[in-house]
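J.: Sequence and predicted model, in that order:
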Amino acid sequence: MLGDAVREEPVIEVGCGTGQIAGELLSANPNLRYVGRRLGPPLDVSKLGRRILVIGCGFLGERLVAELVRAAHPTVVLTRSPIDAEKQNRIRGAELIIGDAATEQFLDRALAGVTHVVYSAGGLLPAESDLNPELDLTLSLPPLIRLLEALREREGVGLLLLSSGGTVYGRAEYLPVDEEHPTKPISSYGIVKLTCEKYAAMYADRHGIPAQVLRCSNVYGENQPAERGQGTIPTFLQRILADEPLTIFGDGSIVRDYLYVGDLATVVLRLLELPAEPRLLNVGSGKGASLSRLVELIEGLTGKSVPIDRRPDRPFDVKEIVLDVSRLKALVDFEPIPLEEGTRLTLESLLRGGRPLSPDRSKADGEHSREQNRGRRP
């Protein structure tokens, strides 16, 4: 199916493993085809070269797939969420399978001939996870454990697991936070991410799976779905463009390490060329910025000044986190772009092809904590 050349068009397959969404997908998209319980004949993997599987096609997964295809890596993406036409176009050249990684038939087909797996699937957003931790566990753990079990039978297939450097450490005992810092997450989201890391480490120790965990800081950039309140920078940009107040929890002094999504993709591509050592890496900019600083930056870029809707502190928000990325920089040539440049690129993308949210939708969706929105994260 795939040799050294990439495909011109994505292939989308729907089978029994999608459960209730299969019928909706088939009726809504004429490009989908039902391939049945067996999911077609097995691939002749002897004819395949280097082949990379990305599990999850949300904000991070989409960018990783696009960059892998651009770098001429045969790439397959497995995602449990429907893909709209715009996203299909952005990942053109990758093989696309819509199905749950927790379903054996889909996972086995996606893994055929694969040399590396990048696991970017997630569960709920942080605020949603605190509201419904059981659902977050249900969405997050079964696909990962199914994958780890499958990798036991596939000697030498590497795993890059994307985790959360902004939440697994908890309250920082020192800054910047290196990989040896104690992990004491204070949120359900952080606990779930750390649990995923522990499972990957256990399987690596017991079964020799070459697994590497990337603890990513707050990643932002083009095509981040701000309408769900995912990502401070795109959410702020959308609200300013829609002339809506910015919702800030606390006094604006919360500090985060913001990493441009293109930089994360660059790191992943370079690490795929190296052995899976060390097992744990921070991936961030190594610099912190407060929410107040973000407001100043975005107002400067847009030429707009908007009121702030201040809310009480949230119990699951870490006050300050900045990652030490010296271990990463010792492995790969990595110099993240400045926050100002990444924010400008994100804004330009919105102005080119994005559309500001309507005032009513922006007001409802721009807040980070929403009990009514507990949908899946791809």
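T.: That came through, no problem. What you are looking at is a predicted structure, and each value in this text was computed from that prediction instead of being measured.
J.: first vs last residue of stretch 235-249, how far apart are they?
T.: 14 Å (Cα to Cα, to the nearest Å).
J.: What residues sit buried inside it?
T.: 235-242, 244, 246-249 (16 or more other Cβ atoms under 10 Å). In this view, the C-beta of every residue, glycine as well, is placed from N, C-alpha and C.
J.: quick one: that stretch to chain centroid distance?
T.: Here the centre of stretch 235-249 is set off from its chain's centre by 23 Å, with Cα atoms, centre = their mean, to the nearest Å.
J.: quick one: average pLDDT of it?
T.: For stretch 235-249, the mean pLDDT works out to 93.
J.: related to what we said a few turns ago, next step: the buried residues of stretch 235-249 restricted to strands.
T.: Judged by DSSP state E, the buried residues of stretch 235-249 include Leu246, Thr247, Ile248, Phe249 as members of strands.
J.: Let me know the secondary structure of the spatially most central residue of the chain.
T.: Against the mean C-alpha coordinate of the chain, by Cα atoms, centre = their mean, the closest residue is Leu60 at 3.5 Å. Leu60 falls in the helix class when you classify it by DSSP: H, G, I helix; E, B strand; the rest coil.
J.: Quick check: the gap between the residue lying closest to it once chain neighbours are set aside and Arg239.
T.: Take Leu60 and drop its neighbours on the chain: the residue closest to it by Cβ to Cβ, 6 or more residues apart in numbering is Ser120, 4.7 Å away. According to Cβ to Cβ, to the nearest Å, Ser120 stands 26 Å off from Arg239.
J.: now Arg63
T.: With distances defined as Cβ to Cβ, the gap from Arg63 to Arg239 amounts to 23 Å.
J.: Over to Leu96?
T.: The span separating Leu96 from Arg239 equals 32 Å under the rule Cβ to Cβ.
J.: before we move on, what about Leu351?
T.: Remark: distance between Leu351 and Arg239 (Cβ to Cβ) = 15 Å.
J.: can you redo the buried residues of stretch 235-249 as a markdown table with distance to Asp263?
T.: Output for those, formatted as a markdown table (distance: Cβ to Cβ, whole Å):
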| residue | distance to Asp263 |
| --- | --- |
| Thr235 | 20 |
| Phe236 | 20 |
| Leu237 | 18 |
| Gln238 | 22 |
| Arg239 | 25 |
| Ile240 | 24 |
| Leu241 | 24 |
| Ala242 | 28 |
| Glu244 | 29 |
| Leu246 | 25 |
| Thr247 | 27 |
| Ile248 | 25 |
| Phe249 | 26 |
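J.: Now the two most distant members of these.
T.: The most widely separated members of the buried residues of stretch 235-249 are Leu241 and Phe249, with 21.2 Å between them, by Cβ to Cβ.
J.: in the stretch 101-250 of the chain, which spans are helices?
T.: For the stretch 101-250 of the chain, the helices defined by DSSP state H, counting those that start in this stretch cover 104-111, 126-131, 133-152, 188-207, 232-241.
J.: Packing partners of the last one?
T.: What that stands for is helix 232-241. For helix 232-241, the helices and strands in contact under the criterion 3 or more Cβ pairs under 8 Å, 6 or more residues apart in numbering; DSSP states H and E are strand 218-220, strand 246-249, helix 291-302, helix 339-352.
J.: same deal with the shortest one?
T.: On a contact count with 3+ Cβ pairs under 8 Å, 6+ apart, helix 126-131 meets helix 188-207.
J.: relative to helix 133-152, how tilted is the helix it packs on?
T.: 20 degrees (axes from the mean of the first three to the mean of the last three Cα atoms, to 10 degrees).
J.: Give me the mean pLDDT for helix 188-207.
T.: In this model, helix 188-207 has an average pLDDT of 98.
J.: contacts for it?
T.: Residues lying outside helix 188-207 but in contact with it, judged by Cβ atoms under 8 Å, 6 or more residues apart in numbering, are 123-126, 129-130, 133, 136-137, 140-141, 144-145, 148, 151-152, 159, 161, 163-164, 167-168, 170, 183, 185, 209-211, 213, 279-280, 316.
J.: Now do stretch 81-95, average pLDDT.
T.: Per-residue confidence for stretch 81-95 averages out to 95 on the pLDDT scale.
J.: Can you get me the start-to-end distance on it?
T.: 15 Å.
J.: Buried residues in that stretch, which are they?
T.: Applying a neighbour-count criterion of 16+ other Cβ under 10 Å, the buried positions in stretch 81-95 are Ser81, Pro82, Ile83, Lys87, Gln88, Arg90, Ile91, Arg92, Gly93, Ala94, Glu95.
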